[in-house]
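Q: Pasted the sequence and its predicted model underneath.
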Amino acid sequence: MPSRHAPTPPSSSPDATRRRLNLALGLAAGGPLWLGSLAAQAAALPPLPRYTQPVEAHSPLVGRIVQRGQQFIAPQRLVSDCAHAALCMLGEQHDHPDHHAVQAWIITALAQRGELAAVALEMADAGQRFDGPRDAPEAVVRERLHWNDDGWPWKLYAAPVMAAVRAGVAVVGVNLPQDAMRPAMQQARWDASVPPAVRQRILDDVAESHCGLLPASQLPAMARIQFARDDSMAAHSLALAQPGKTVVLLTGSFHANRTLGIALHLAAHAAQTPPGVAQPPAVFSLLLQGLAPDTQAELPAGYDAVWFTPGTPPITSCGAAFAAGSGPPLHRLQDALQQGHRAGRTAGHGDVHRQHLGHPAADRVALTVHAATRSAIACGDHQPGFGHGVIGAAQRQLHMARHRAGDEQQVGVARAGDEMHPQTFEVVVGIGQGVDLQFAAV
């Protein structure tokens, strides 16, 4: 007689077999069954981008993403977090090709999920937009956006912009128009648009990022343009919001810092958010960070997540370049202190890695200084096709200005006996395009 406690033969039904197989697979994977849904999401994502830059290219941090709580997350989790915000800011190093590849990947992933409302651009003025067709050639897209290739090289931005175009969503400029910069400099109301500590931080960063060449009396005007730009991007990005979808904003990492940039201006425009969008509008900020040899696997303050990529080659800081009497061309200098410096690596300490964090120094207004008559520089060896002059900033992320297309400058110092004349300060509107403003000689 068989025992009453003999095991019951397992069911041979297909459903039972499927449940046991799922359980075994889940346990073998070391996680609960709901991880299967993440695997399904991952299968639906586009292939991850290939990285091209050389610095720390073989680091185990390449391609890793860290969120709040210093936890690593998968790319599909990042896309989901971005999708649940009304505004998802992707803070870039402007001249980093891998950052633009990651942006294109995120845009494509969101579009495949049906959760992309629009793509907003710091690189185009408010009022410029492209609304289709999705099969438009790049030349048409550039024309509609009034793209400034001198300020923002199209070869860097083609991938993310065209990913949005092919997805059939609006691509919209949100930056402060050039003709609004001069008035903003004179509008004292911008001084109170951010907390006093933030304003002082911006003033200090503007002074430092210009190697001390900018007259102290001009610092408030430069900071006002920064605040006005952040406000413009906040207002025009929120205007694109849609219920259940996210607006992706491509912008510099300083603007994307929640404690210093665009996020500080969102509340002033929340009332203009389209109907159906939750209040207050949710915001997600991703920092794209190129690795340096001393980069730590940590989330910097001011961001919700960081995505590590290989770094771009380090460049010489303004202090070292000035001491040598020459320096790299402007397009190599524009982002040097994009994320700031750490102790012992200030603007006179040789190489500046553009992705160091801890003291962000400005994707912001920058100035170019040039003598009106005699050149107050030590020319050094010019790069082929590049002009020369005295520049006031040696930071890669600071949008340095050029006098004309193809005429970039090198860093220099005044030689003994050189006479300083009235000088032109160019307010930046892109990586390399400026607006001349006349001030007294320094």
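A: Nice, I can see it. Residues are numbered from 1 along each chain as shown.
Q: helices or strands next to the helix or strand harbouring Leu287 in the packing?
A: Element membership of Leu287 [criterion: DSSP states H and E] is strand 283-290. Contacts defined by 3 or more Cβ pairs under 8 Å, 6 or more residues apart in numbering; DSSP states H and E place strand 283-290 against helix 75-83, strand 87-92, helix 97-112, helix 253-256, strand 305-309. For every residue, glycine as well, the C-beta is placed using N, CA and C.
Q: Mind putting these into JSON lines with distance to Ala167?
A: Output for the helices and strands packed on strand 283-290, formatted as JSON lines (distance: least, Cβ to Cβ, whole Å):
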{"stretch": "helix 75-83", "distance to Ala167": "14"}
{"stretch": "strand 87-92", "distance to Ala167": "14"}
{"stretch": "helix 97-112", "distance to Ala167": "4"}
{"stretch": "helix 253-256", "distance to Ala167": "22"}
{"stretch": "strand 305-309", "distance to Ala167": "20"}
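Q: mind putting the ones you listed in TSV, mean pLDDT and mean neighbour count included?
A: As requested, the helices and strands packed on strand 283-290 are arranged in TSV below (pLDDT from 0 to 100; neighbours: other Cβ atoms under 10 Å):
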stretch	mean pLDDT	mean neighbour count
helix 75-83	97	20
strand 87-92	98	29
helix 97-112	98	23
helix 253-256	96	29
strand 305-309	98	24
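Q: With Ala270 as the reference, name the closest of the ones you listed.
A: Comparison of these against Ala270 by Cβ to Cβ identifies strand 87-92 as nearest, at 11.1 Å.
Q: Partner strands of the closest one and their direction?
A: Partner strands and pairing direction for strand 87-92 (DSSP bridges) are strand 246-252 (parallel), strand 283-290 (parallel).
Q: Please identify which of those is closest to Pro49.
A: strand 283-290 (11.2 Å).
Q: So for that closest one, mean pLDDT?
A: Strand 283-290 shows an average pLDDT of 98 in the prediction.
Q: One more: stretch 266-276?
A: Rounded to a whole number, the mean pLDDT of stretch 266-276 is 91.
Q: Show residues contacting that stretch.
A: Contacts to stretch 266-276, defined as Cβ atoms under 8 Å, 6 or more residues apart in numbering, come from residues 86-87, 193, 231, 234-235, 238-239, 241-243, 279-281, 283.
Q: Find the nearest non-adjacent residue to Val283, please.
A: Closest residue to Val283 in three dimensions, ignoring its sequence neighbours and counting by Cβ to Cβ, 6 or more residues apart in numbering: Leu87, at 5.0 Å.
Q: quick one: the one you found and Val247 touch, right?
A: Yes: with contacts counted by Cβ atoms under 8 Å, Leu87 reaches Val247, the gap being 5.2 Å.
Q: any common contacting residues for these two?
A: Shared between the contact lists of Leu87 and Val247 (criterion: Cβ under 8 Å, 6+ apart) are residues 237-238, 241.
Q: For the strand holding Leu287, C-alpha coordinates in CSV please.
A: This file holds the C-alpha atoms of strand 283-290, laid out as CSV (Å, rounded to 0.1, in the frame of the first residue of the first chain):
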residue,chain,number,x,y,z
VAL,A,283,12.5,66.4,-14.4
PHE,A,284,15.3,63.9,-14.9
SER,A,285,18.9,64.9,-15.4
LEU,A,286,21.5,62.6,-16.9
LEU,A,287,25.2,63.6,-16.9
LEU,A,288,27.3,62.2,-19.7
GLN,A,289,30.8,62.0,-18.3
GLY,A,290,34.0,61.1,-20.2
